[in-house]
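Novice: Just to be clear, the model below is a prediction. Sequence and coordinates:
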Amino acid sequence: MPRTLASAPIMILNGPNLNLLGTRQPEIYGSDTLADAEALCAKTAAAHGGTVDFRQSNHEGELVDWIQEARQSHCGIVINPAAYTHTSVAILDALSACDGLPVVEVHLSNVHKREEFRRHSYVSLRADAVIAGCGIQGYAFAVERVAALAGTGDATG
Ligand code: DQA
């Protein structure tokens, strides 16, 4: 039985340097903090009767471990892999092992408006949707999309 938002939290993962959000290159990433993003995700999920499990790591292997955890016990994944977007086959493979689980990739900045190397994403090969350039609002859009794909568990799905 697929898990719905009513029965399991959304795993929201953040990659390296996103702990510095708000003070790190605010002209690119904005002045909102990661705590602001977490509060927005929690509020958006709550509006659909759900919860989030919001995490950040600077370590690739830890992100892989958390994706494997989500595979067993969450209703979907929202991931901003940060720099690992452009380098990590390990994160792509972990996401690809999550059969049928909704996956939405988020970037605060519009990666297509920046350096050429940011235009390639390994994660996009598995993601069901990609949101870029909306700041922390992109996380709210991603939560909405996971809720739609996983179903909220009420009669309207
Ligand atoms: C980012 C974009 C990546 O290219 C960059 O390495 C990041 C953040 C974003 O949210 O815009 O660390 O994922």
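Specialist: That came in fine, so what should we check first?
Novice: Report the contact partners of Val78.
Specialist: Applying C-beta atoms under 8 Å, 6 or more residues apart in numbering to Val78 gives the contacts 10-13, 41, 104, 106, 139, 142-143, 146. (Each C-beta comes from the backbone N, C-alpha and C, glycine too.)
Novice: in the lowest-mean-pLDDT helix or strand in the chain, what counts as buried?
Specialist: Here the helix or strand of the chain ranked lowest by mean pLDDT, DSSP states H and E is helix 26-29, holding a mean of 95. Neighbour counts over helix 26-29 (16 or more other C-beta atoms under 10 Å) mark Tyr29 as buried.
Novice: Alongside the ligand, which residues does this structure contribute?
Specialist: Within the chain, the residues that sit near the ligand (C-beta under 6 Å from any ligand atom) are 17, 80, 82-83, 85, 107-109, 111, 118.
Novice: now those: which count as buried?
Specialist: The neighbour-count test (16+ other C-beta under 10 Å) marks 80, 82, 85, 107-109, 111, 118 as buried among the residues of the chain next to the ligand.
Novice: among those residues, which are in strands?
Specialist: Members of these lying in strands (criterion: DSSP state E): 80, 107.
Novice: In PDB, list the C-alpha atoms belonging to the strand or helix carrying Asp65.
Specialist: If you go by DSSP states H and E, Asp65 is part of helix 60-73. The C-alpha trace of helix 60-73 is given here as PDB (Å, rounded to 0.1, in the frame of the first residue of the first chain):
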ATOM      1  CA  GLU A  60      26.800  13.000   0.900                       C
ATOM      2  CA  GLY A  61      26.600   9.600   2.700                       C
ATOM      3  CA  GLU A  62      24.300  11.000   5.400                       C
ATOM      4  CA  LEU A  63      21.900  12.200   2.600                       C
ATOM      5  CA  VAL A  64      22.100   8.700   1.000                       C
ATOM      6  CA  ASP A  65      21.200   7.100   4.400                       C
ATOM      7  CA  TRP A  66      18.300   9.500   4.900                       C
ATOM      8  CA  ILE A  67      16.900   8.800   1.400                       C
ATOM      9  CA  GLN A  68      17.100   5.000   2.200                       C
ATOM     10  CA  GLU A  69      15.100   5.800   5.400                       C
ATOM     11  CA  ALA A  70      12.500   7.700   3.400                       C
ATOM     12  CA  ARG A  71      12.200   4.700   1.100                       C
ATOM     13  CA  GLN A  72      10.900   2.700   4.100                       C
ATOM     14  CA  SER A  73       8.900   5.200   6.100                       C
END
